[in-house]
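>>> Structural data only, the sequence is not supplied:
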């Protein structure tokens, strides 16, 4: 079984797999940051997202390629990320793990009697 | 290819851009600084105005420095460590091993290093980890104090003569082995605990905070033992216990100064630990 993903890693992978906004579909650092903030419904430090993207790329779950920059970026290139099949599999495994964990547990939760 | 910014383009503070590019890996320098510049121009400036947009940019730079992307190469850390250590030794020799810089300057440097180190403490679990990493060094630190107190108990110093000696122009710490041996031993403990903290984690801040924890543990332990000595002397009137406790009378003055010294020396050790530990990791990852 592959190494399990943390919630933040899942949020980043989901942002790449199914972006909710037009900006998110552009899949570069800033766009992913916005998507993750949207999904987690909180402010997220840019450093945390970039560090996670680095880690996921090292694990082989995502890949990246450079695109040419725009005027507003002073010509600096963009790094566009995409999710690999291994990333999709890791997300599926993570969801299945949570499903198994919660199987048979009724909501709302109640404490011990 | 990066297009240079013109004076007409609204830009974040130049120094913040410089710091950002310095701490990023070469691979990320253009892409991440480009992302931030785009956000700065398209969102931050129009919504926040120039001043608050600049503050936003500096905060973003800070968040990138705080993350694991702070990636100066190990060789740079080692070079920095050697340069800083050489500078400190030079200042100490030049001042005849008296305080080499004004207290305010020293306290400011120590405060910056200390606060930067404390940013690694994010949960109570981190406190437990810090305790495990520092307790042995803390006990060693206390043992050095104890040894000094023991020596002073067995062969008491002439306090008046020691005081007068310090007022003489020719005074040097090297004329008083009890003082400089204690100082050198504590300095070594702080440097080594900083080294160990950064070696294990690959983060200089862990080394700084480990050295600070060492000084706190050492001081608290010593104070507890001195208090016990005083209590014993009161209860049983034991002369040796009283004398021992008396020698520790000055120890309560030490913790704030010790924490400042440990922050500086621990950071020097941590830079060596980061440099050598990083080199070891880099070698391991290529074999």
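Good, I have the coordinates. Computed from a prediction, not measured in an experiment: that's the story for all the values here. Numbering: from 1, shown residues only, chains lettered A, B, ... in the order given.

>>> Show me what the mean pLDDT comes to for stretch B:103-121.
Stretch B:103-121 shows a mean pLDDT of 80.

>>> helix/strand/coil for residue A:69?
coil (DSSP: H, G, I helix; E, B strand; the rest coil).

>>> In this structure it contacts residue B:34, no?
Yes: A contact is recorded between residue A:69 and residue B:34 when judged using CB atoms under 8 Å, the distance being 5.7 Å. For the C-beta atoms, the positions are set from N, CA and C on the backbone; glycine is no exception.

>>> got any residues that touch both of these two?
Taking CB atoms under 8 Å, 6 or more residues apart in numbering or on different chains as the contact definition, residue A:69 and residue B:34 share the neighbouring residues A:76-78.

>>> Most neighbours among the residues you listed, which one is it?
Ranked by neighbour count under the definition other CB atoms under 10 Å in any protein chain shown, these are headed by residue A:78 with 24 neighbours.

>>> Just list the residues touching it, thanks.
Applying CB under 8 Å, 6+ apart to residue A:78 gives the contacts A:26, A:28-29, A:66-70, B:31, B:34-35.

>>> and the residues you listed, which are buried?
Buried members of the contacts of residue A:78, counted by 16 or more other CB atoms under 10 Å in any protein chain shown: A:26, A:28-29, A:69, B:31, B:34-35.

>>> what is the mean pLDDT for stretch A:96-106?
Along stretch A:96-106, the predicted confidence averages to a pLDDT of 89.

>>> Need the contact partners of it.
Residues outside stretch A:96-106 that contact it (CB under 8 Å, 6+ apart) are residue A:4.

>>> same deal with stretch B:35-53?
When contacts are defined by CB under 8 Å, 6+ apart, stretch B:35-53 is touched by residues A:28-30, A:33, A:46, A:70, A:72-74, A:76, A:78, B:9-12, B:20, B:56-57, B:60-61.

>>> how near is residue B:60 to residue B:213?
Residue B:60 sits 30 Å away from residue B:213, taking CB to CB, to the nearest Å as the criterion.

>>> swap in residue A:49?
Counting by CB to CB, the gap between residue A:49 and residue B:213 amounts to 31 Å.

>>> Helix, strand, or coil at residue A:80?
When states are read from three-state DSSP, the local structure at residue A:80 comes out as strand.

>>> Likewise for residue B:179?
Following three-state DSSP, we place residue B:179 in the helix state.

>>> show me where chain A has strands.
Assigned by DSSP state E, chain A shows strands spanning A:62-67, A:78-83.

>>> Which positions within stretch B:79-90 qualify as buried?
B:80-81, B:85, B:88.

>>> Which other helices and strands does the worst-scoring helix or strand of chain A on mean pLDDT contact?
Sorted by mean pLDDT, DSSP states H and E, the helices and strands of chain A end with helix A:22-25, the least confident at a mean of 83. For helix A:22-25, the helices and strands in contact under the criterion 3 or more CB pairs under 8 Å, 6 or more residues apart in numbering or on different chains; DSSP states H and E are helix A:29-40.
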